[in-house]
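>>> Let me see the structure of the following:
(chains A and B)
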Amino acid sequence: MAINLNTTAKNTWCPGCGNFTILEALKRALGNLIEKGTRREDIVIFVGIGCHAKIVDFVGVNTFYGLHGRAVPAAIGAKLANPNLKVIICAGDGDSFDEGIAHLIYAAKRNVDITVLLHDNRVFALTTGQFTATTPKDFKGKSSPCGSPENPFNPMEVMINTGATFVARGYCAKLDHLTDLMVKAIQHKGFSFVEILQPCIAWLNTFPFYNERVYEIPAADLTDKEKALTKIKEWDYIKDAKISIGQFYQKDSPTFEEENARACDGEIETIADILEAKV
Amino acid sequence: MNEEYSILVGGAAGEGSRMAGLTIAKLLNQYGWRVSIYEDYQSLIKGGHSFSKIRATKKVNSAPKRSIDFLVALNKETLEKHKKDLDKDGIAIFDADNSEFEYGFGLSGKQVMEQFQIIPIMKNSAFIGAFAKTIGIEWEMVEKVFRKEIRKEIDKNLAVAKFGYDQADTLTKIEKLKNTPMPLITGNETTAMGAIKAGLQFYSAYPMTPATSILHFLADHKTDFKVDVFQAENEISVINSALGAASAGKRSMVGTSGGGMALMAEAVSFAAQGEIPVVLVNSQRPGPATGLPTYSGQSDLKFSLNIGHGDFVKILVAPGDADESFYLAGLAMNLAWKYQIPVLFLTDKNVSESTFSFDTGMISKINPIKESLWDGKGTYKRYLDTKSGISPMAFYGQKDALVRVTSYEHFEDGLTLEEEEDLIIKMNKKKERKFAAIQNEIEKLNPVKVYGNKNSKKAIIAWGYNKGLAKEVAENLNIKFIQPVIMQPFPVKAMQKALKGVNKLVLVESSAAGQLSDLLAQNGIKLNDKILSCTGRSFYLEDLQKEVEKKIK
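So this is what the prediction gives:
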C-alpha cells in the first residue's frame, strides 16, 4: 500500500477479533480512494463507543470519537457544515441499533451522503456479553442467563425500508470482497449502509456458523427494491439459512445536504433591515 | 396627561390578539413611547384565553403592571376576566354583540364582518382603529403602521380599521413624545441576532416552547446570514450534530427548554472533554417535567449549573431583556470559541417571547473574536499542551491537519489515553489552566450589574426577566438592585463589590424554591428574605413593589 494509514496507538482488541480484518479492509479502501484522488484531509471517521469504535485510534485520518450511539448525528452535523467531507461511521450493533437507532433511521430517511459500516458482532462485547438488537434469540449472557427474550433485527431490512440508497453486506473473513464493498459504499452519493458480519470470539463466536453458510451473490440489477428485499430476507437472523453477502441495492436520490441547503425566495436582509422592519 | 399607559389586548387563541397587541404597541412606539409587551397564552391552538399586556412609558421599561388603562377585549371572556384590573378612569373596547360595559366603547364584530365580508380575525382591525381614535392617534399614523405591518389584504384591513376609527370617540389625547421610535423585538429574536453577529453558522433544534421562535427566526433568515439550520429528530441529535459541525469549523448553537436540555446533558460533558465550542440556549418554563409549557420560570438554575457528569468548567450567562439577549448571545459564542467550551445561555419564556424596545447601540458591541488557530507548522495536535491550556484549532478538511476529536481522556494528538497516569494528570492540568483563565476573564466582563440607589444598604437581587421589574421597584423605593448576568463561574469579586455596604438582601425569583439562594449560600452570601412565585406568570410591578416594601423595611 502506497499510503501509510497506521497510527501509534496500541491495539487492545482480543487476539483473533473480527475487527482486525475490518480495520485492514477500511485502511485498504481508504488508501484506494486516496490514490484515486480523495483528499486524505477530507476523510472523517465518526464512532460511538464499543469494541468497534476503537478502530478510529488505528486509522490515520480525521476522527471523531463521540458518545455511545451518537456518531450519526455528529456526522450529519459535520457533513452539513462541510459537504466536501467524506464521512464514514463505524457503528456497532448495540451502539447504532440499540442506543442510537432513531438517528440511524433518520439518516437513512434523509439520505444524508454518509456511509455507515456496521460492525455487527451481535453482542455487547466491551460490557462483557449482553444481548443487543441483533443478538440471536435465546442467547445466554450475563443479562440473559435464561436466554435472551427478543428476536433480532435484520439490519439491512430496517435500512432499506427506512430509505437507505445503498445497502450491502460483507463478512470480515472475506477481506477483498469487504474492501470492495467499502469503496463502493463510500463512493455512493447518498446514505450507504454496509452490514459487516463480525464474529466475537469472546462472547459469540460465529466464525464456524458463517463459514458454512456465507456465499457471495453475483452482480445483479441493483435498482429493484422488491428483489433486493427478497434477497435480504433470505436469512432472517432467526431460522437457519444460507447467508448472502454482496451489494443488494443502490438508488440515485437527492441528498439531505442539497435539500437542506435550499434557499428561500426573497431579498437578502441585513440585521439593520430586520430591525428597521421592527420599528 | 398620562405619564404611562397599560393596555391589555385579549381573546381566544386563533383570534389574533397577539398581532393586534403588537400593532397597538407600534402605534405607541411611533408616538415616541417606550413599549414592552408581556404575553400570556396557553398550550393550545384554538380557544382558551390569551392576552398581551402592553406597557408604554417615557423611559424604556420591561415590567408589566396589573392595572390597565385600556382593555381591548376581542371576546367576552377577556372583558369578564380583566375588567377588575381596569383603572377607575379606564376604558374598555369590546364586542357589543356579546358584552356590555359601562365605561368604553362597544363595536359590533358581526356588523363589521357582514359589511366588509371578511374572515373573523380581520375584525381586529376595527378594534385597533377604535382604540387609536379613543386615545387620540391621528388616522394618518394608523394607516402608516398598518401599511408597514400588514401584508395581506391591506386595503380591506385599512377600510375595516377606518370603520372602527370613525365609530369611536376620542376620550383622551396621547402625548406625542420627542423620542425616536425603537425596534420592537423579542428576546429570542435578538438572541439569534447576537449569535449571528458573533459568527453563528450552524443552528440545530427540535421544536420546544419557548425556544422555538429562535428556530423560526433562523430558518427564515438562514439564506441572509448563511446559517445552516437543522431540525433534528430529537435533542440528543441536536446537540451531537452541533458538536460535529463545530469540529468541521462552524460556530454552532442549539436551543431548547428544560426537558430538551436534560436530553443534551451527556453531550455537554462531551463538549467539555472534547473541547468543542458550543452555545446551548435553555429557555426556561416551570417544571418539573412538562410543568407549565407556555409559562415562564427560573427553576432550571441549579440544573443548568450542574449539568454534565465529570469535572469541568463551563460558562452560564442569563439575560434579562432583549438588549442583554443580543449582547450575551454574542458574548457566549465568543467565549465558547475562545476557550473551546460549552456555554449555557439560560433565558426564560418571558425574556424569550416578550417584546422589548431594543437599543440598536448593542449591535456594534458584538463582533466575532477570532479563536486560537493552528499555524500549520509541524504535526497537528488537537489537544496540544500549551501554557494557556488553550490548544490551537484546526478543522476537518483543513490541509495537512489530521484532527482527532474525542470523548475519551486523550493524548495531545487525540488518541485514547488510559494507561499513563502522569499524562492523565498532565492533560487535566491543561484544562485546569484554561478554567482558571475563564474565572479571571468573567470578572472583567461586568458579570454583576447594579441599578437604583447604589449606596443603599437595602438591596434586591434578581436575574432573568425579573430584571425589568426589580430595577423599577428599586428606583421607586430608592434602594439597590443587583443583577448577576454571568452566574458560572460565580463572579466572586464582582458580587462582593456589588454587595458592599448592603445589610438587607432580598431575592426575587420566579421559582418555588428560590434557587439562586443556594448558589449565593455556596459563596457565603446570606439572604434576609425571598419573594418567590411558582405560577409561571410574571410578577406585576405594583404587587412586587408592595412585597419588597414589606420585606425590606
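
>>> Which parts of the stretch 151-300 of chain B are helices?
B:154-167, B:187-197, B:212-225, B:235-247, B:258-274 (DSSP state H, counting those that start in this stretch).

>>> Any chance of a markdown table for the ones you listed, columns mean neighbour count, mean pLDDT and distance to chain A?
Bear in mind the C-beta positions are built from the backbone N, C-alpha and C, glycine included. A markdown table is the format used below for the helices of the stretch 151-300 of chain B (neighbours: other C-beta atoms under 10 Å in any protein chain shown; pLDDT from 0 to 100; distance: least, C-beta to the nearest C-beta, whole Å):
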| stretch | mean neighbour count | mean pLDDT | distance to chain A |
| --- | --- | --- | --- |
| helix B:154-167 | 19 | 96 | 15 |
| helix B:187-197 | 30 | 98 | 6 |
| helix B:212-225 | 20 | 97 | 4 |
| helix B:235-247 | 30 | 98 | 3 |
| helix B:258-274 | 22 | 98 | 5 |
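
>>> if you skip the residues just before and after it, what's nearest to residue 11?
This is for chain A. With C-beta to C-beta, 6 or more residues apart in numbering or on different chains as the criterion, A:Asn11 has its nearest non-adjacent residue at 6.2 Å, and that residue is A:Phe58.

>>> wrong one, I was asking about chain B
B:Leu74 (3.2 Å).

>>> How about B:Ala318?
B:Leu346 (4.6 Å).

>>> Touching, A:Glu157 and A:Ile232? I think so.
Yes. Between A:Glu157 and A:Ile232 there is a contact under C-beta atoms under 8 Å: 5.4 Å.

>>> In terms of neighbours, single out the busier of these two.
A:Ile232 (24 against 16; other C-beta atoms under 10 Å in any protein chain shown).

>>> check contacts around the more buried one.
Contact analysis of A:Ile232 by C-beta atoms under 8 Å, 6 or more residues apart in numbering or on different chains lists A:154, A:156-157, A:160, A:167, A:248.

>>> What is the nearest of those to B:Trp139?
A:Ile160 (65.3 Å; C-beta to C-beta).

>>> what's the average pLDDT for the helix or strand harbouring the closest one?
Under the criterion of DSSP states H and E, A:Ile160 resides in helix A:155-162. Averaged over helix A:155-162, pLDDT sits at 98.

>>> hmm, back to that, so what's the residue nearest to B:Gly11 up against?
B:9-12, B:15-17, B:20, B:95, B:124, B:127.

>>> Need the nearest residue in space to the closest residue to chain A within the stretch 51-200 of chain B, chain neighbours excluded.
Per C-beta to the nearest C-beta, the residue of the stretch 51-200 of chain B with the smallest distance to chain A is B:Pro183, at 3.8 Å. Sequence neighbours aside, A:Lys278 is the residue nearest to B:Pro183 in space, at 3.8 Å (criterion: C-beta to C-beta, 6+ apart).

>>> Is it correct that the one you found is in contact with B:Thr186?
No. Taking C-beta under 8 Å as the definition, A:Lys278 is not a contact partner of B:Thr186, at 9.5 Å.

>>> Settle it for me: which of these two has more neighbours?
B:Thr186 (24 against 21).

>>> okay, the more buried one: pLDDT?
Taking B:Thr186 on its own, its pLDDT is 98.

>>> A:Ala263 now?
85.

>>> For it, give me its contacts.
B:Thr223.

>>> Quick check: it is in a helix.
No. Applying DSSP: H, G, I helix; E, B strand; the rest coil, one finds A:Ala263 to be coil, outside a helix.

>>> Ramachandran angles for it?
phi -90, psi 150 (degrees, to the nearest 10).

>>> from the chain's centre, how far out does the helix or strand hosting B:Ile442 sit?
According to DSSP H and E, B:Ile442 maps onto helix B:421-443. Using C-alpha atoms, centre = their mean, to the nearest Å, the mean C-alpha position of helix B:421-443 is found 32 Å from that of the whole chain.

>>> Which residue ranges of chain A form helices?
A:19-35, A:71-81, A:93, A:101-110, A:155-162, A:175-187, A:207-213, A:225-232, A:256-260, A:271-277 (DSSP state H).

>>> care to break chain B down by domain?
Taking automatic domain parsing as the criterion, chain B consists of the domains B:5-167, B:185-365, B:372-445, B:450-552.

>>> For the last one, measure first residue to last.
Counting by C-alpha to C-alpha, to the nearest Å, you get 17 Å between the two ends of domain B:450-552.

>>> next one: the second one
Using C-alpha to C-alpha, the span of domain B:185-365 from its first residue to its last is 18 Å.

>>> Repeat that for the third one.
In terms of C-alpha to C-alpha, the two terminal residues of domain B:372-445 are separated by 20 Å.

>>> Say whether chain A is contacted by it.
Yes. Using C-beta under 8 Å from any C-beta of the partner chain as the criterion, contacts between domain B:372-445 and chain A involve B:395-408, B:414-416.

>>> ok, back up a step: would you tell me which one of the contacts of B:Leu74 comes nearest to chain A?
B:Ala20 (16.9 Å).

>>> which one is that closest one nearest to, not counting chain neighbours?
B:Asn124 (4.5 Å).

>>> how close does the residue of chain A found nearest chain B sit to B:Ala246?
Ranked by C-beta to the nearest C-beta, the top residue of chain A for proximity to chain B is A:Gly77, at 3.1 Å. The gap separating A:Gly77 from B:Ala246 is 8 Å, by C-beta to C-beta, to the nearest Å.

>>> Let me see the contact set for residue 48.
Just going to use chain A. Residues in contact with A:Gly48, defined by C-beta under 8 Å, 6+ apart, are A:66-71, A:91-92, A:95-96, A:99-100.

>>> nope, chain B
B:12-13, B:41-42.
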